[in-house]
Every structure is written in structure tokens, then in C-alpha cells.
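Enquirer: Build me a model:
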Amino acid sequence: MTGSLIRNVDVETAQPVTELTHEQIQQQGFVSVGQILQNVSSVGSAGTSDQSSLGGIVGQYASLRGLGAPRTLILVDGERYTTDIFGQTDLSTIPSSLIDSVEILQDGASSTYGSDAISGVINIHTKNVDGLYLDTYNSTYSPGNFGKQSQFSLTGGKKFSRGSFTFNMTVQNTDQILSSQAWFSKNGYFSFPNMPGSVGPSDYGTILGANGTPLANPLTVNMGQNGLDIANYHVNTFGVQYPSPYYANDYYNSAGLETLEPNSRLRSYTLKGDFKVTDHITAKFTGTYNTNNATDYIGGYPLSSLTPANGVNLASALGLAPGSLGSAWFPALSANSYYNPMPGNTLQFSLPLQEPNRVDTNNIKQEGFRTGLEGDFSIGENEFNWDANYGDYRYIQDSGGPGNLNLVHLYNALGPSFMAANGQVECGTPGNVIAGCVPLNPFSGSGGLTPAEQNYLNYTYFTHSWSEQREVKTDLSGDMFTLPQSLGEGDATFAIGADHRDVSGGVTPDTYTQLGLNTNLQQNPGEGSYGINEAYAEINLPLLKDMTGAQLLDFDVSHRYSHYSNFGTTNNNSYKLSYKPIDDLLLRASYGTGFRAGSISNLYGGTMQSFTNYTDPCDINFGLTGNSVVQQRCLNGFANLPAVGPGFTQLNTNGVPVSGPNSTSTTPFYTGANPNLKPETSKNFTAGIVYSPSWFTGFNITADFYRIRVDNVITLPSADSILDNCYLLGEAQQCDQFQRSATNGQVINLLQAVVNEGFVDEHGADLSASYLFPDTPIGKFKIDTNGTYITELREQDVTGGAVVDYNIGTYDPILGPVWRFRDTTNLNWSWGDWSATWTLRYFSSLSESCRPDEPALAEYFPCTNPNGNVQGQQSGIYRQGSLAFNDLQVSWTAPWKGRIALGATDIFNRRGPFTYIGAESVIGPLGPTGTDGYTQFPYNPQYDIGRQIYLKYTQQLF
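Expert: Reported below is the predicted structural model:
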């Protein structure tokens with residue numbers, strides 16, 4: 001039973017548990033476990049979004065309370081399941097056709113289950129069947145007939161006198177959705193029906209600067225004209241003028257090259273069984289093997305002179321003198337290149353590519369087993385149960401694909417070149433030709449590279465990552481004694497146990513990715529492991545039972561001792577109280593402490609590049625130069641950082657000043673693991689009621705208030721906090737974590753190491769009600785509703801820093817969307833062999849800061865409250881209204897033991913509101929996981945993207 005390790009005692013009633021029965025799961029129009037759980041209100045924001053052009057995001061995750069997938073513990077049949085190197089469970093590896101029910105414990109449970117159960121526990125119960133069953137599912141988006149999903153599953157088993165076995169084979173295929181196929185992404189980011197614009201600048205090359213000095217007005221070659229003649233250029237208009245006479249030249253819609261949602265090819269195999277060795281001892285076994293292959297299209301690389309290579313390693317690869325290229329090399333077209341329209345000048349340029357398209361292929365393999373013995377025995381009148389088992393699960397992910405650029409080849413391609421006697425442009429100089437090199441023309445004027453240029457620059461990257469969890473555990477539970485008759489003669493029960501767990505994993509990128517010699521994000525290899533020894537005890541005392549004014553008074557206390565080889569010891573406790581003054585009413589409360597150890601990635605993942613949103617404190621428009629101390633440190637230089645000139649501005653990828661704060665870095669920053677991380681700690685409190693009035697048969701209501709606080713949060717310090725701590729607070733060690741470019745003064749090489757910082761404190765309530773109507777001549781009706789209401793959210797980003805009481809109903813920069821209220825309501829009808837379910841999924845409104853002044857976008861981002869303020873940001877609020885999605889399913893049970901279900905999710909094809917800041921700038925649930933990031937498009941990825949029509953068929957074969 002979820003929430004307790006004591007068998008045969010309903011102590012879980014002291015904590016709020018939401019159960020999804022097999023019937024309820026069948027009534028939904030979702031084929032995967034992740035989709036099903038995402039529509040439970042307490043799950044908060046999605047653990048991940050498929051909507052990403054950044055690649056590498058594969059699988060589905062649950063994030064209870066919106067606190068992140070690593071803080072939600074996933075159990076399968078009460079036991080820990082596979083996790084990846086980020087410490088999170090990919091739910092796509094669990095076939096939905098094998099699920100019997102799902103229990104969601106909406107409370108911390110570290111004293112019961114150990115690490116990771118900070119925000120709650122999801123326990124997935126699998127079936128034991130006797131017979132052979134076929135399940136199929138097919139769906140498509142309508143209108144459009146795209147994004148097709150299909151599932152074929154065969155589940156069989158046999159129950160016999162001394163045991164049983166069950167097997168499942170599942171094939172699940174999900175077609176990719178291109179950005180060009182969805183209504184909100186087909187025209188690119190910030191490109192709407194009346195703006196046939198693009199996601200970014202076109203790949204007609206642009207001159208950004210000459211000899212290291214930025215041009216006041218970058219120049220772009222005219223469409224179809226010869227880029228060798230500087231007269232064939234115009235002042236670039238992208239991001240500066242809209243509409244413009246050069247719109248088709250300077251803007252490009254890359255949606256057709258990008259994936260909104262990746263394809264997925266899941267193959268799952270499960271075998272489980274049990275056998276009675278004796279009348280009191282049973283052997284158990286469960287084994288799983290899953291593969292999931294997915295492909296993302298990311299679009300061509302935005303090549304520019306802000307694209308860095310590791311200068312030390314590049315010099316070594318080229319055979320140049322050590323130090324000749326500095327610590328970082330940035331591309332520039334040689335003054336002696338044949339394609340230079342300004343001969344004698346080294347040119348800085350921008351060349352966003354259409355081809356080669358970046359393709360990110362992820363091949364995932366999950367395999368594991370758990371085996372053991374369980375039994376029972378008696379001593380006198382006391383009965384006992386015991387269990388001993390061993391589990392070993394492994395998660396492997398191989399990622400890679402073409403479309404990134406080889407920076408060694410890029411160096412040669414941008415170097416000196418000349419027209420040879422054979423009419424071909426050659427790399428090098430006469431008599432010193434670089435064999436195999438193809439010169440790069442950044443200003444071809446025809447849009448895109450030639451096939452020869454593409455082939456020469458193309459690089460196929462590869463990264464291998466893995467994690468493994470091995471566990472041996474044993475436990476004993478049973479009766480201790482019976483309380484006196486005067487107290488109701490309840491049986492006091494206990495559970496004790498111990499386990500040992502080894503967690504290991506690592507990541508190994510290809511050599512060029514490690515060396516920073518391709519445009520894939522540079523990443524160092526990392527590998528590590530740690531061990532855990534744990535012991536726990538739980539006691540349940542029914543203090544009063546079957547007495548007037550106290551039908552039940554139950555107290556449960558548990559303690560877990562955990563010793564980690566890498567950081568030491570932690571102790572966690574839980575206290576639960578249940579009280580029934582009358583049969584109709586249950587009052588319950590719980591308090592517990594929890595913890596989460598750092599994942600393999602957090603601890604040993606090495607460093608890797610990332611693109612981060614930040615505001616340069618030295619920027620005169622949006623920075624902190626209004627502070628005289630900051631202004632002087634910027635102008636004079638500070639703590640080994642060079643001075644920036646007066647009028648300094650942060651630049652975007654096109655080399656022009658940014659149009660607002662919190663803009664994306666033009667060069668990658670670095671994130672780093674930290675082997676010295678301490679565990680996160682938490683405190684959970686819940687109190688509530690369960691009321692089932694005898695005078696109103698069929699009606700039930702629950703209300704549970706909760707508070708959860710997580711301290712020492714494992715997170716990345718923001719780039720802003722590092723920069724501000726340097727220039728504003730004068731912390732010199734923070735200044736050592738970044739550099740400034742000698743060319744244009746921009747921030748480069750900023751290092752964000754994972755640390756323990758701050759806290760998050762969330763208060764709210766879970767509400768549910770159901771009513772089974774009396775039978776009617778036209779069938780049976782039932783209505784149920786489950787909602788979560790958040791009352792308060794407080795955060796501290798940095799230990800000792802300011803505590804921010806965030807506005808509920810906004811896009812929190814750490815947690816993502818924080819809806820004030822979410823609810824799912826179901827209306828069920830059944831009559832004979834027919835049944836139907838209507839589901840309404842409700843989201844309250846969200847708000848964000850108004851869009852910076854761009855009149856062309858006012859229609860889509862109206863500043864509904866110019867005097868409002870969100871999260872202390874710029875004045876003005878853009879409010880996105882509440883909305884609801886409606887689903888319908890109709891089913892018929894056929895006389896040949898089959899069941900047909902036809903339905904649609906988002907049956908009215910409801911579209912959510914656009915979002916400007918919310919989707920793009922979310923870091924991820926409380927710091928670095930494998931699911932960070934949200935989407936590059938102006939739409940909340942947890943909202944439906946359109947109507948999805950589906951057909952389910954289930955057949956019992958025998």
C-alpha cells in the first residue's frame with residue numbers, strides 16, 4: 001500500500017492518495033503513462049515538453065507539485081524503477097496496457113522510501129492476467145491528419161494452483177510533428193497569421209564587423225546578387241525594422257526544418273511471475289526490456305563570428321603553435337579569402353544555415369529485473385510477513401546525428417583562398433593548397449551552402465550515457481500486540497527493514513565534442529558512483545477503535561536512517577494521524593521530513609555548454625549602470641575583467657543591441673557538475689478531511705491542505721546572479737567565473753556550477769468530490785472532480801538572499817507555469833454494454849510581463865494592465881485567460897469479448913493563448929535535469945495543440 005511498508009493496514013488513509021483505476025485509465029484518450037499523469041491536477045507543470053528544437057529530450061516524466069521529475073519517486077508494484085543519469089524515471093518505458101491502477105501519494109515519503117520522494121510518490125500497479133488479451137490504439141490530429149500514434153499490445157498469462165505468470169509485448173509508434181504542421185509554430189517564433197515572418201534571420205550572409213570593430217549597421221548581401229561586390233549589400237533589417245523592403249531577404253521561416261514533437265518508436269517486453277515454493281514461501285520475478293528510438297530535426301546551425309571553438313585544442317588539431325589561437329577562437333573570414341568583399345579586412349559575419357539540417361537521434365534502452373522471496377509465519381497469535389529481493393536496472397541512451405559543423409574544417413574554409421588555374425577556388429595559397437578543403441563563401445547571395453561546402457563542414461556527433469541502480473533489500477512486518485478492550489482492541493503493527501543500493505552512471509561524448517571542436521555543445525566526460533545503506537522502522541498504533549466519538553484514532557510513526565558513501569548520514573521521520581469521530585467523517589494529518597541526494601549528472605556529469613538568458617549589468621539600457629559603483633567597475637574594469645567602453649550594450653546573435661532584458665547568450669556558457677553537493681532536505685505537512693455522508697448515498701468529498709518546503713535546493717545559479725554578484729556586490733571570486741571578449745566586450749565562458757542554494761516553499765489544497773447518482777431508466781451516471789489550488793509560493797534563489805513571494809498565476813522562472821487552480825472533472829454514463837465519458841480539464845489564467853514595445857505584436861500580446869507588475873519585472877501585465885479542454889469517449893462492449901472505444905481529446909479544437917515570456921525563459925523545475933527547457937514557440941506546451949481523434953480496440957483472445 002502506497003505510503004506505508006506495513007502490510008494489511010490502511011495507514012495510507014492518513015495521507016492524500018489519488019487512485020486511477022484501470023477503468024478510469026481506459027476512459028481516457030491517452031496512450032502513454034506520461035500523458036495520463038500530466039492531466040492529474042497535482043502533477044503541476046509537465047516534467048518535460050516534447051516541444052523543443054534543442055534536441056536530446058526524449059521520454060515522459062511526472063512532476064508532482066511542479067517541483068521537478070527527480071523529486072517524484074516512481075514505483076512499479078511498490079518497488080523502485082529505473083532512473084536515468086538525471087535521477088528521473090522515463091514513464092514512456094512502462095506500457096500502459098499492462099497497468100492495472102496508479103496510486104499518487106501527494107505527500108513526501110522519504111522516511112518510507114528514502115531519497116527522491118520529496119514531492120510525492122507514484123506507484124504503478126501492473127496486471128496479473130489469466131488469458132490472452134490484445135489492445136490496439138490509433139489516433140491522429142484533426143484537422144490536418146498529422147501526428148499519428150499507434151499502439152499494439154499483447155498481454156497474456158496463466159494462474160495456476162501454485163503461482164502465476166504474466167507477459168506483455170508492446171509496440172508503440174508516434175509520428176513526428178514538424179513545426180510547420182502546428183498552427184502556433186508554422187510561421188516561426190513571434191510570427192503570427194498577419195506576420196508571415198520567420199523564426200530567425202535568413203542565411204543570406206551578413207557582415208557584422210571588420211578587423212574586430214563592429215559595424216554600426218550590419219550589411220547583408222542582396223538576394224541573387226554577387227556577394228563579392230560590396231555594392232550588392234544593404235543594411236540588415238532583421239529585428240530592427242518590420243515590415244521592411246528586404247523582408248524576404250533578411251528573414252527566414254525555418255519551421256519546415258524543425259521538429260515540434262519528435263517521433264518515437266517504443267518496443268517493450270515484460271515478464272513477471274510468482275511460484276509457491278512452500279505454503280508459506282513464494283518466489284517472485286519481474287524482468288523488463290524496452291527500447292525507444294526518437295529523432296528530432298533542429299534546423300541548421302546559426303553560424304556566426306560569435307561561434308566559439310576551444311582555441312587551445314583547435315591550435316593543437318591544426319598543428320599550430322600552442323597559444324596562437326588563445327583560449328577561444330571565433331570564426332572570421334580571412335582578409336585574403338577569395339570570397340571577401342572587402343579585401344584586406346578580416347570580416348566578422350553571420351550565416352544562419354538552412355542546410356545541413358541538424359538531426360538528433362536518440363536510442364534508449366532500458367533493461368532490468370527484480371527477483372526475491374516473500375513469505376509469512378506465525379508466532380503464537382501474531383502473524384508476520386517478510387520479503388527479501390534483489391533488483392538491477394540499467395538505462396542507456398545513445399544520442400547523435402549530423403548537421404553540426406566541424407570547427408577544424410571551418411578554420412581552414414575561412415582562411416586564405418584563391419582561384420586556381422582549373423577554375424576552382426582552393427583553400428590556402430598557390431603552392432600551399434590545403435588538401436580536401438572546400439572554401440566557405442559566407443556571402444553567396446543565393447541562400448545556403450553548396451553541397452560541397454555542406455559536406456566539408458558537416459559533423460556527426462555521438463554521446464553515450466548510462467545509469468545503473470542495484471538494490472538488495474529485506475523487510476519484516478506484522479503484529480506486535482493488541483490494545484486493551486477499553487481502547488477497542490486494535491492490533492498494533494510494525495515494519496522494519498534494511499537495504500543497500502549502488503547507484504552509478506556516466507556520460508561519454510565523442511572526441512570532438514569533448515575538445516570543443518564542433519558546434520555541438522562542448523561536454524566533458526563524467527562518471528561516478530555512490531552507495532547507500534539504509535534501515536527503517538515503522539509503528540502503527542490504533543489508539544482507539546469502534547468507540548463512541550472515536551470510531552478510529554490511528555497514529556503512525558516511521559524513521560529511516562540513510563548513510564551515503566559520498567556525503568554521510570541523514571535521518572528522516574514521519575508522523576501520521578487519522579481520526580474518525582463518526583463513520584462518515586475522517587480527519588487526517590501528517591508531518592514528515594525528506595531528502596534528495598544529487599543525481600549522477602549533478603555529481604559527476606562533468607561540464608557542458610549551454611545557452612542561457614541573462615542581462616549584462618554593464619548594458620546601459622537594461623543593466624545596472626544606474627548604480628554608480630557598477631558603472632565605474634564597468635568603465636574601469638574590475639577583478640581581472642577588462643573595461644567596457646561608455647555606451648556599451650549587450651548584443652544579439654545578429655550583432656545588434658538587444659531589445660530587452662533577459663536575452664539569450666550569443667555564445668555558449670558552461671554548466672558544471674559538483675561532487676561536493678549536499679542533499680536537498682524538505683518538510684511536508686498535510687491536513688484534511690474525507691467525508692462520505694450516510695444521509696447522501698453515493699457522495700464523497702475530500703479536502704487536504706498541504707505545505708512543502710525544500711531547502712538546500714540543488715540548482716544552477718543563474719547567470720544574472722553571478723554577474724550581479726561580481727559587479728554589484730564586488731565578489732571577486734564570482735568575477736572569475738566568466739570572461740569578456742577582447743573583440744566586443746561581450747560576456748563569454750561563464751561557468752554555472754551546480755550548487756545547493758535557497759529554498760522553495762509552496763502552500764495549497766487538493767480538493768476532490770464524487771457522486772454516484774441513483775440508477776435511472778437510461779443508465780447509471782457518476783461525476784467526479786479533482787483539483788489543486790495553490791495559495792502561496794515563496795522562493796529564495798540564493799542562500800541568504802531575498803525571499804520572493806511570487807504571484808500565483810504567472811510563469812515562475814524556476815518552476816514554470818504556476819496555475820492558481822487546475823481541475824479535471826469527469827462525467828460517466830453506462831447502460832448495458834454502452835458507456836461514455838466526458839472530461840473537462842480546466843486551467844486558470846496566467847499572466848506575464850508585457851511585450852517590449854513592438855506594435856506589430858500588440859494584437860497577440862495585449863498589455864491589458866499597463867500599470868501592473870509581474871515578479872518585479874517591467875511594468876505592465878499581459879493576462880492570458882483561463883481555459884478548458886473537453887474530451888469525449890464512447891465505448892461498446894461486444895458479445896465476442898471485445899471492447900471498442902471511439903473518442904477525441906480537445907474535441908472543440910480549443911486553442912490556448914499565446915505566451916511571450918513564459919514558455920521561452922523557463923529554466924526547468926528547480927534546476928538542472930534532463931528535462932530542462934520548455935519550448936522555443938509562443939505556446940505553453942502543456943496545453944493541447946489541437947483535436948486528437950482516436951480509436952481503441954481490446955479483445956480477449958482466450
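
Enquirer: okay, CA-based contacts and neighbour counts for the rest of this
Expert: Will do.

Enquirer: so where is the stretch 101-250 of the chain shaky, pLDDT-wise?
Expert: 188-199, 242 (pLDDT under 70).

Enquirer: Please name every helix or strand in contact with the helix or strand that Asn886 is a member of.
Expert: Element membership for Asn886, per DSSP states H and E: strand 883-894. Packing partners of strand 883-894 (3 or more CA pairs under 8 Å, 6 or more residues apart in numbering; DSSP states H and E): strand 834-843, strand 898-905.

Enquirer: List the contacts of the first one.
Expert: I take that to be strand 834-843. Strand 834-843 is contacted by residues 27, 39, 819, 821-830, 882-893 when judged by CA atoms under 8 Å, 6 or more residues apart in numbering.

Enquirer: Could you check how far Phe555 is from Leu728?
Expert: Taking CA to CA, to the nearest Å as the measure, Phe555 falls 53 Å from Leu728.

Enquirer: do the same with Thr715
Expert: Separation of Thr715 from Leu728 (CA to CA): 22 Å.

Enquirer: Compare those two and say which is more crowded by neighbours.
Expert: Between Thr715 and Leu728, Thr715 has the larger neighbour count (other CA atoms under 10 Å), namely 23 against 19.

Enquirer: Kindly confirm whether my reading is correct that the more buried one touches Asn756.
Expert: Yes. Between Thr715 and Asn756 a contact is recorded at 6.3 Å, counting by CA atoms under 8 Å.

Enquirer: you'd agree Pro402 is in a strand?
Expert: Yes. Remark: Pro402 belongs to a strand, assigned using DSSP: H, G, I helix; E, B strand; the rest coil.

Enquirer: and the lengthiest strand in the chain, which residues are buried?
Expert: Ordering each strand of the chain by length in residues (DSSP state E) puts strand 347-379 first. Across strand 347-379, burial judged by 16 or more other CA atoms under 10 Å covers 347-376.

Enquirer: Ok, stretch 138-147 next?
Expert: Buried residues in stretch 138-147, defined by neighbour count with 16+ other CA under 10 Å: 138-141, 146-147.

Enquirer: Pick the one among those closest to Gln956.
Expert: Asn138 (18.5 Å; CA to CA).

Enquirer: which residues does the closest one form a beta bridge with?
Expert: According to DSSP bridges, the partner residues bridging Asn138 are Ser150, Leu951.

Enquirer: Surely it touches Val171?
Expert: No. In this structure Asn138 lies outside contact range of Val171 using CA under 8 Å: 11.9 Å.

Enquirer: which residues do the two both contact?
Expert: Contacts common to Asn138 and Val171, judged by CA under 8 Å, 6+ apart, are Gln151.

Enquirer: Name only those of the contacts of strand 834-843 that count as buried.
Expert: Listed as buried from those are 27, 39, 819, 821-830, 884-893; burial here means 16+ other CA under 10 Å.

Enquirer: Next up, identify which helix or strand the nearest residue to Glu762 once chain neighbours are set aside is on.
Expert: Leaving aside its chain neighbours, Glu762 sits nearest to Leu793 (4.6 Å; criterion: CA to CA, 6 or more residues apart in numbering). Using DSSP H and E, Leu793 sits in strand 780-796.

Enquirer: now swap in Leu587 and tell me
Expert: Assessed by DSSP H and E, Leu587 sits inside strand 585-596.

Enquirer: Asn602 too?
Expert: Using DSSP H and E, Asn602 maps to helix 600-604.

Enquirer: Give me the distance from that helix to the chain's centre.
Expert: Relative to its chain's centre, helix 600-604 lies at 17 Å (CA atoms, centre = their mean, to the nearest Å).

Enquirer: I'd like the next helix or strand past that helix.
Expert: With DSSP H and E, the next secondary element past helix 600-604 is strand 607-610.

Enquirer: If you count contacts, what does that following strand end up packed against?
Expert: Contact here means 3+ CA pairs under 8 Å, 6+ apart; on that basis strand 607-610 packs against strand 669-672.

Enquirer: pLDDT averaged over the strand it packs on - what is it?
Expert: Strand 669-672 comes out with an average pLDDT of 81.

Enquirer: Also stretch 893-911?
Expert: Averaging pLDDT along stretch 893-911 gives 95.

Enquirer: Could you do stretch 495-513 as well?
Expert: What stretch 495-513 shows for mean pLDDT is 94.

Enquirer: where exactly do the helices run in the stretch 851-958 of the chain?
Expert: 918-921 (DSSP state H, counting those that start in this stretch).

Enquirer: swap in the stretch 251-400 of the chain?
Expert: Along the stretch 251-400 of the chain, counting by DSSP H, counting those that start in this stretch, helices occupy 311-318.

Enquirer: what about the strands in it?
Expert: 251-252, 259-261, 264-278, 281-304, 309-310, 328-329, 347-379, 382-405 (DSSP state E, counting those that start in this stretch).

Enquirer: I'd like the ones you listed written out as TSV, with distance to Leu132 and mean pLDDT added.
Expert: What follows is the strands of the stretch 251-400 of the chain, written out as TSV (distance: least, CA to CA, whole Å; pLDDT from 0 to 100):
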stretch	distance to Leu132	mean pLDDT
strand 251-252	54	82
strand 259-261	34	85
strand 264-278	14	94
strand 281-304	19	92
strand 309-310	58	88
strand 328-329	62	84
strand 347-379	23	93
strand 382-405	27	94
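
Enquirer: Ok, which of these comes nearest Ser768?
Expert: strand 259-261 (32.8 Å).

Enquirer: What is that closest one packed up against?
Expert: strand 177-178, strand 281-304.

Enquirer: Just checking, which helix or strand succeeds the shortest one along the chain?
Expert: Which is strand 177-178. strand 200-201.

Enquirer: Tell me which strands that following strand pairs with, and in which orientation.
Expert: Counting by DSSP bridges, strand 200-201 is paired with strand 251-252 (antiparallel).

Enquirer: Which strand residues bridge the closest residue to Phe843 other than its chain neighbours?
Expert: Take Phe843 and drop its neighbours on the chain: the residue closest to it by CA to CA, 6+ apart is Arg822, 4.9 Å away. For Arg822, the beta-bridge partners under DSSP bridges are Thr788, Phe843.

Enquirer: Surely Arg822 is in contact with Ile790?
Expert: No. Between Arg822 and Ile790 there is no contact under CA under 8 Å: 9.1 Å.
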